[in-house]
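> Kindly return the folded structure for what I paste below:
(2 chains)
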Number of protein chains: 2
Amino acid sequence: MNFIAKLELAQQKNNSLLCVGLDPVLERLPISCRRDKEPFLSFNRALIEATADLVCAYKPQIAHYAACGAEVELLATIRYLKENYPDIPVILDAKRGDIGSTAEKYAIEAFERYQADAVTVNPYLGGDSLEPFLGYAEKGVIILCRTSNPGGADLQGLMVDGEALYLKLAHLAAGEWNKKGNILLVVGATWPAELARVREIVGKIPLLVPGIGAQGGDLKAVLDAGLDSRGLGLVINSSRGIIYAGSGVDFADASRQAALALRDEINRHRRRLS
Amino acid sequence: MNFIAKLELAQQKNNSLLCVGLDPVLERLPISCRRDKEPFLSFNRALIEATADLVCAYKPQIAHYAACGAEVELLATIRYLKENYPDIPVILDAKRGDIGSTAEKYAIEAFERYQADAVTVNPYLGGDSLEPFLGYAEKGVIILCRTSNPGGADLQGLMVDGEALYLKLAHLAAGEWNKKGNILLVVGATWPAELARVREIVGKIPLLVPGIGAQGGDLKAVLDAGLDSRGLGLVINSSRGIIYAGSGVDFADASRQAALALRDEINRHRRRLS
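Below you'll find the model as predicted:
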């Protein structure tokens, strides 16, 4: 089964568009996890056990592991997910991008070493730089389109033939680059009007939307702008708002409550719009 | 001492603009290295010992290590360089790019975990995404501008207000983004005319130029187009042409000969142009 089909099955099974970002930072972990020999794995396992029936995907961000040499804990987290929750896809948030044989190595890193179901990539190097990723037809390749940070417009917002660069990119990604139908795009929650324009261009291609919560994105506006004609097509990511919902011994319960509340709030808006 | 000063000292000391890319691939290593418990480290040490008086920098490409879980060998290679050749800067080729707290983690990965002197980064996410890297004033931040692959033009070549996107980027990088004077740019050897236009915009900012050798870039044209007014300002990278120059027990000697030939060929053109 390819990534988009797996994602949509998980969305239906758990009635959820929510993706939880697994971005552990040692100083923010509950003391019980910090004492563990593998603190990130201990934290992630507790979060996953508490939320696995509420999400459509998990998204570990690799820099959080690479900064402190915790690749082994990232591997163990994904292995734990595959063994216990094989129906929930894993998105490796890595934003990789390089050319030729080096891009092949990055694709091996994401899809073979880490066994991710999808990876985020950066399009600045052009279509051929993405081919080594796209060649894994069963995997998802999630291309940065319009990012949620203020400086995102520095390049993405430049006008090309009367159209912003990120819209040009959306045309390329949904069109000639998408030969195997395994492309998705990243569009930040902070720009709902731009999300709506991307949706017009890409049809039913799913969009990964970070920026809800800590970054201030407006959930209702995101759903108005981004849902496809089936009430699907969005993967709404929240990291800090869920994984740091609590900090005591009951942190996993607090994360479950936060995930439940966000999933249900998303679903209320979806019902209203259907 | 900041990165650009360290780089220029190494260029002067070794009379060299040559950077050697340390991009090991297990199947291509000499049998003597493959048998070693740490094959990449064994290979890299031999290459470094054979070429350290001929180069201005080494550039390990992190994907080659990450694809097979060899982070420890990358760390050991850089530690070996720092201990034995502290005057030669290390460029970590990682092409990272993300926002906010995640970009901070990537900067920690490059500059604190790996102790690199410089790192390559991707500008698609805009100026604020680079600030966590640029905040390390002593370190070099080498921004992708115009890459050497055919698809590089897909986005980089799009026209913005009558000027290609990569030239817009060059203006931003050399101007408002470069508050600490620690920015460099990547411009591929396959586009000498475009290299010349970047040089016009960025003054004496050093340019890292991959694509000589295996990728077919024309060395003479690159030097004509890219040297600054002092006959400096370029870091000419070669990876496969040097590290795989030989494959037998004498592979390091073959690499030395290849490095010497390329350094001297670069210098012949520099003298002609001076």
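
> Show me the strands in chain A, by range?
A:18-22, A:57-60, A:91-96, A:118-121, A:140-146, A:159-160, A:163-164, A:183-187, A:207-209, A:234-238 (DSSP state E).

> For the last one, output the C-alpha coordinates as CSV.
Listed next in CSV are the C-alpha coordinates belonging to strand A:234-238 (Å, rounded to 0.1, in the frame of the first residue of the first chain):
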residue,chain,number,x,y,z
LEU,A,234,-4.9,17.7,5.6
VAL,A,235,-2.4,16.4,8.1
ILE,A,236,-2.5,18.9,11.0
ASN,A,237,0.7,18.7,13.0
SER,A,238,1.1,19.7,16.6
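
> follow-up on the earlier one: right, and the strands of chain A - which one's nearest residue B:54?
Of all those, strand A:91-96 sits nearest to residue B:54, with 31.3 Å by CB to CB. The way it works is simple: take the backbone N, C-alpha and C, and place the C-beta from them, glycine included.

> other SSEs contacting that closest one?
Helices and strands touching strand A:91-96, by 3 or more CB pairs under 8 Å, 6 or more residues apart in numbering or on different chains; DSSP states H and E, are strand A:57-60, helix A:62-66, helix A:100-108, strand A:118-121, strand A:140-146.

> residue contacts, the residue of the stretch 1-150 of chain A found nearest chain B?
Nearest residue of the stretch 1-150 of chain A to chain B: residue A:126, at 3.0 Å (CB to the nearest CB). Contacts for residue A:126 were tallied using CB atoms under 8 Å, 6 or more residues apart in numbering or on different chains; they are B:147, B:149, B:150, B:151, B:152, B:153, B:154, B:155, B:156.

> Please pick the buried ones from these.
Buried subset of the contacts of residue A:126 (neighbour count, 16 or more other CB atoms under 10 Å in any protein chain shown): B:147, B:149, B:151, B:152, B:153, B:154, B:155, B:156.

> Run through the residues that contact the last one.
The neighbourhood of residue B:156, defined by CB under 8 Å, 6+ apart, consists of A:124, A:126, B:145, B:146, B:147, B:164, B:165, B:166, B:169.

> Tell me which other helices or strands the helix ranked longest in chain A touches.
Longest helix in chain A by number of residues (criterion: DSSP state H): helix A:251-273. Judged by 3+ CB pairs under 8 Å, 6+ apart, helix A:251-273 is in contact with strand A:18-22, helix A:39-51, helix A:219-226, strand A:234-238, helix A:240-243.

> Pull the distance from the last one to the chain's centre.
The reference is to helix A:240-243. The chain centre lies 14 Å from the centre of helix A:240-243; the measure is CA atoms, centre = their mean, to the nearest Å.

> could you give the mean pLDDT of it?
For helix A:240-243, mean pLDDT is 96.

> sorry, back to before: which of the contacts of residue B:156 lies closest to residue B:61?
Scanning these for proximity to residue B:61, where the rule is CB to CB, the winner is residue B:147, at 13.8 Å.

> Indicate which one of the strands of chain A is closest to residue B:81.
Closest approach to residue B:81 among the strands of chain A (CB to CB): strand A:91-96, 24.8 Å.

> For the closest one, give the mean pLDDT please.
Per-residue scores along strand A:91-96 average to 98.

> contact partners of it?
A:19, A:21, A:57-62, A:78, A:103, A:106, A:109-110, A:114, A:116-122, A:133, A:140, A:142, A:144, A:208, A:235, B:63, B:95-98, B:122.

> what's the angle from it to helix B:100-108?
Orientation check (axes from the mean of the first three to the mean of the last three CA atoms, to 10 degrees): strand A:91-96 against helix B:100-108 gives 60 degrees.

> Next, the angle strand A:234-238 makes with strand A:91-96.
90 degrees.

> check contacts around the closest residue in space to residue A:63 that isn't next to it in sequence.
Excluding the flanking residues, the one nearest residue A:63 by CB to CB, 6 or more residues apart in numbering or on different chains is residue B:105, at 3.7 Å. Going by CB under 8 Å, 6+ apart, residue B:105 touches A:61, A:63, A:64, A:66, A:67, B:98.

> Just give me the closest of those to residue A:160.
Closest to residue A:160, out of all of those and judged by CB to CB, is residue B:98, at 24.0 Å.

> Fine, thanks again, bye for now.
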